[in-house]
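Asks: For reference, the sequence and a predicted model appear below.
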Amino acid sequence: MASKGTPLPLHDTLRDLALLRASSVDLSGLIPNSDDTTSSQAPREVEGVEESTIQSYAFVREMRTALRMHNSGEVQKQATKIDKVQVELVDVLGSLSD
């Protein structure tokens, strides 16, 4: 079924489950009943589900990276550096125009 890769971090998994619970999403409604699918549609649906799952994992990975970066304060540090450089450039331009 699934490859024996590294498991998802427990903390992140529990947080994701808590968010799903808090959002009141009925996950059983998202999964079609086996009676509803026909044998000719099943392979195409499986491919679509697999592709969607891969995209979902990639999205979650990118979002977690962005959130870690944001929470680490690195973004704020870079914004402060940019503001300082902008002020210096304005001063230089003011000196050149005088």
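Replies: Looks like it arrived, so ask away.
Asks: switch to C-alpha atoms for all contacts and neighbour counts from now on
Replies: OK.
Asks: count of neighbours near Phe12?
Replies: Quick fix: residue 12 is Asp, not Phe. Asp12 has 11 neighbouring residues, counting by other C-alpha atoms under 10 Å.
Asks: One more: the one 10 residues further on?
Replies: Neighbour count for Ala22, taken as other C-alpha under 10 Å: 9.
Asks: I'd like the numbering to begin with 2 instead of 1 from here.
Replies: Shifting the count to begin at 2 puts that one at Ala23.
Asks: wait, what's in contact with it?
Replies: Residues counted as contacts of Ala23 (C-alpha atoms under 8 Å, 6 or more residues apart in numbering): none.
Asks: mind redoing it with 10 Å?
Replies: Contacts for Ala23 were tallied using C-alpha atoms under 10 Å, 6 or more residues apart in numbering; they are Asp17.
Asks: Next, work out how far apart it and Arg65 are.
Replies: Counting by C-alpha to C-alpha, to the nearest Å, the gap between Ala23 and Arg65 amounts to 19 Å.
Asks: do Arg22 as well
Replies: The value you get for Arg22 to Arg65, if C-alpha to C-alpha is used, is 19 Å.
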